[in-house]
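In: Got a sequence here, can you build the structure:
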Amino acid sequence: MRVLVDTPIWSLALRRKTSALSPEEAAIVGAWTEIIRESRVVLIGSIRQEVLSGLRDAAVFDRLRSHLRAFDDEPLTCEDYEEAARCFNVCRKAGITGSTVDFLLCAVAVRRRLEIFTTDTDFHNYAKHLPFRLHKSQLAGL
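Out: I've put the predicted structure just below:
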């Protein structure tokens, strides 16, 4: 199954030094590496933008942009954005709030039957009300 990788995973893998990762974080990066090796990774433009945002050093920006260019963006359609709004409404009715980018990820995952790989615990709440699956790595609770 293809896997939509969220910003926190990309940030761990591309913005942090390997030597600075905890054992849990290193395992997450290992799972990310395996998804890439198996050609199952999915990236959308808003995630690309989030990963590249906030970088003060132009050289770091250029390096990350170069890494990300190895991955094509999944093309999004009007229906993806409409589904994101529906996901927002479903969750809001259940008392759950989230960002527009989070619900866009949910919508893309629902429409394309993708797993979402993230460390953002908000997605556990969304998954209780929306028909997508969280990627299960070798880590408990992820």
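In: Would you quantify the distance from residue 61 to residue 52?
Out: Separation of residue 61 from residue 52 (Cβ to Cβ, to the nearest Å): 6 Å. C-betas here are computed from N, CA, C, even on glycine.
In: One more: residue 60?
Out: Separation of residue 60 from residue 52 (Cβ to Cβ) stands at 10 Å.
In: Which residue of these two possesses the greater neighbour count?
Out: residue 52 (17 against 13; other Cβ atoms under 10 Å).
In: what sits against the more buried one?
Out: Taking Cβ atoms under 8 Å, 6 or more residues apart in numbering, we find residue 52 in contact with 61, 64-65, 68.
In: mind running it again at 7 Å?
Out: Residues in contact with residue 52 (Cβ atoms under 7 Å, 6 or more residues apart in numbering) are 61, 64-65.
In: any chance you could map the strands in the chain?
Out: 3-5, 41-42, 115-117, 133-134 (DSSP state E).
In: Can I get the ones you listed in TSV including distance to residue 107 and mean pLDDT?
Out: Formatted as TSV, those follow (distance: least, Cβ to Cβ, whole Å; pLDDT from 0 to 100):
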stretch	distance to residue 107	mean pLDDT
strand 3-5	10	98
strand 41-42	13	98
strand 115-117	11	98
strand 133-134	14	96
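In: which of the ones you listed is buried the deepest?
Out: Across the strands of the chain, averaging neighbours per residue (mean count of other Cβ atoms under 10 Å) puts strand 3-5 on top, at a mean of 25.
In: and the closest residue in space to residue 76 that isn't next to it in sequence, how many residues sit next to it?
Out: Among residues not flanking residue 76 along the chain, residue 44 sits closest, at 6.4 Å (Cβ to Cβ, 6 or more residues apart in numbering). Neighbour count for residue 44, taken as other Cβ under 10 Å: 19.
In: Fine by me, thanks again.
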